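Asker: show me how the following folds:
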Amino acid sequence: MRQSLLRVAIFAAALTLTLTSSESALPAQSPAQVLAPTGTLRAVFLGMNPVQGRIDENSGKPSGPVPDLVEALARRVGVPAAITSSPNAAGIVAALNTGAADVGFLAYDPARARDVDFGAAFMVMFNSYLVRGDSPLQKTADVDRAGITVAAVRGQTQELFVSGALKSAKVRVFDAMPPQREVETLLLNRTVDAFAINRQRSIEAEAASQGKLRALPDSFLAVDQSFVVRKGDGAKLPLIKAFVEDAKASGLIRSSIARARLVGVDEPGGSPK
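Answerer: Got it, this is the predicted structure:
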């Protein structure tokens with residue numbers, strides 16, 4: 001009996017050693033295989049967020065910081081890039097979880113971190129309230145008061161913040177960002193008193209309103225815009241981190257921000273413009 005048990009123990013040890021040796025002999029995956037297992041780096045971004053990028057109405061071609069970064073990352077690992085847009089954060093998460101995309105881009109939020117893994121931050125996005133031109137609201141601190149209604153878009157960074165942070169003001173949630181004319185009507189008719197949006201969008205809306213609307217001068221929230229990957233797909237994150245560090249050091253991110261003529265954004269650690 002003892003000899004039989006000894007033989008079983010020796011066989012188990014030999015099998016374990018063989019399996020371990022076989023695993024260690026497997027060739028390591030290249031960066032291209034890790035980041036783009038299909039041979040194409042497939043990326044998805046928020047097409048309705050000008051901070052990340054824009055889609056040309058005529059050509060359908062994306063431009064802006066995210067497309068610039070995706071194309072540079074694809075060149076770095078030697079694969080083509082395919083860039084698509086999503087109307088909301090839920091679409092980004094779905095594209096990653098179904099395997100339709102290899103990387104995505106979202107503003108960091110703890111709730112979203114339950115659904116995806118966040119990688120390196122490449123930009124900080126500032127957010128400002130949009131109010132009517134003659135509004136008594138002059139700065140962010142004036143907004144959280146009884147009798148004030150703040151509008152925000154469901155699931156967007158700004159809505160997640162105001163729904164949790166505002167104590168006295170009422171929050172009205174919209175399913176999608178209304179067009180410029182409707183935003184003007186909501187504010188001028190005093191249906192809402194302020195719209196919580198990113199600073200880039202608030203300044204664009206102010207300019208388009210020809211003085212009827214005004215972006216408050218300060219930021220109520222600074223939030224990182226980051227790479228995201230499917231939950232548990234952490235092998236991509238060190239490669240992405242190294243790439244973002246190089247992109248910052250080379251000036252790629254800063255030049256992309258300038259080329260897109262963005263305001264209210266900066267590299268991580270910067271201040272609102």
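
Asker: quick one: the helices in this structure?
Answerer: Ranges of helices in the chain, per DSSP state H, are 2-25, 31-35, 65-77, 89-97, 157-165, 180-188, 199-208, 236-250, 252-259.

Asker: a markdown table for the ones you listed, including distance to Val223, mean pLDDT and mean neighbour count?
Answerer: To be clear about C-beta, it is placed using only N, CA and C from the backbone, and glycine gets the same treatment. Below are the helices of the chain laid out as a markdown table (distance: least, CB to CB, whole Å; pLDDT from 0 to 100; neighbours: other CB atoms under 10 Å):
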| stretch | distance to Val223 | mean pLDDT | mean neighbour count |
| --- | --- | --- | --- |
| helix 2-25 | 41 | 44 | 9 |
| helix 31-35 | 25 | 96 | 18 |
| helix 65-77 | 15 | 97 | 21 |
| helix 89-97 | 12 | 95 | 20 |
| helix 157-165 | 5 | 94 | 19 |
| helix 180-188 | 21 | 97 | 16 |
| helix 199-208 | 11 | 94 | 20 |
| helix 236-250 | 16 | 96 | 16 |
| helix 252-259 | 16 | 95 | 17 |
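
Asker: tell me how far the residue lying closest to Ala247 once chain neighbours are set aside lies from Arg154.
Answerer: Nearest residue to Ala247, sequence neighbours excluded (CB to CB, 6 or more residues apart in numbering): Ile253, at 5.2 Å. Applying CB to CB, to the nearest Å, the value for Ile253 to Arg154 is 29 Å.

Asker: sorry, back to before: can you put the helices of the chain in JSON lines and add distance to Phe45?
Answerer: What follows is the helices of the chain, written out as JSON lines (distance: least, CB to CB, whole Å):
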{"stretch": "helix 2-25", "distance to Phe45": "36"}
{"stretch": "helix 31-35", "distance to Phe45": "16"}
{"stretch": "helix 65-77", "distance to Phe45": "4"}
{"stretch": "helix 89-97", "distance to Phe45": "8"}
{"stretch": "helix 157-165", "distance to Phe45": "14"}
{"stretch": "helix 180-188", "distance to Phe45": "22"}
{"stretch": "helix 199-208", "distance to Phe45": "14"}
{"stretch": "helix 236-250", "distance to Phe45": "14"}
{"stretch": "helix 252-259", "distance to Phe45": "13"}
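
Asker: who's in contact with Ala43?
Answerer: Residues in contact with Ala43 (CB atoms under 8 Å, 6 or more residues apart in numbering) are Val66, Val70, Ala81, Ala82, Ile83, Thr84, Ala101, Asp102, Val103, Gly104, Phe105.
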